[in-house]
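J.: Could you work out the structure for the sequence below:
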Amino acid sequence: MENKIQNTNLNKPISVALVVMICILTTIFILQGPTEESDFFTVLTCWTFTITIFQIFYVISYKTSKKTLAFWLMIILIVISLLFFGVLWYASQLAKGFNH
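T.: Below is the predicted model:
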């Protein structure tokens, strides 16, 4: 049993490093190529959604009984993602009004 706990503690920094590396690669992938000024908000929303999904997977995989910094960061990222999606939806609905 103690060996399992020790392996989990050793794997945690590696997992954090992998999550950070994936986030960096995601950022490079999303921002590669020419982006117009009008696409910036869409790119930012996609990036926030991707980072939130990775954070959710990380928190679920290392579930503990106490609330950690990763858990609170996940909650903050979910709120920010919902706000971005709300603004994006509102802008798209507003754009429909100016279609004619």
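
J.: Wait, S81 touches T52, no?
T.: Yes: S81 lies in contact with T52 (CB atoms under 8 Å); the separation is 4.7 Å. Where you see a C-beta, it was placed from the backbone N, CA and C, and this is true even at glycine.

J.: Specify the local secondary structure of K63.
T.: coil (DSSP: H, G, I helix; E, B strand; the rest coil).

J.: what number of residues lie near it?
T.: 8 (other CB atoms under 10 Å).

J.: do the same with T52
T.: 20.

J.: Export whichever strand or helix holds it to CSV, keeping only CA atoms.
T.: Using DSSP states H and E, T52 falls within helix 40-61. The C-alpha coordinates for helix 40-61 follow below in CSV (Å, rounded to 0.1, in the frame of the first residue of the first chain):
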residue,chain,number,x,y,z
PHE,A,40,-8.9,36.6,-31.5
PHE,A,41,-11.9,36.1,-29.2
THR,A,42,-12.8,32.8,-30.8
VAL,A,43,-9.2,31.6,-30.5
LEU,A,44,-9.1,32.7,-26.9
THR,A,45,-12.4,30.9,-26.2
CYS,A,46,-11.1,27.7,-27.8
TRP,A,47,-7.9,27.9,-25.8
THR,A,48,-9.7,28.5,-22.5
PHE,A,49,-12.0,25.5,-23.2
THR,A,50,-9.0,23.3,-24.0
ILE,A,51,-7.1,24.3,-20.8
THR,A,52,-10.3,23.8,-18.8
ILE,A,53,-10.8,20.3,-20.1
PHE,A,54,-7.2,19.4,-19.3
GLN,A,55,-7.5,20.8,-15.8
ILE,A,56,-10.7,18.8,-15.2
PHE,A,57,-9.0,15.6,-16.3
TYR,A,58,-6.1,16.4,-14.0
VAL,A,59,-8.3,17.1,-11.0
ILE,A,60,-10.4,13.9,-11.6
SER,A,61,-7.3,11.7,-11.9
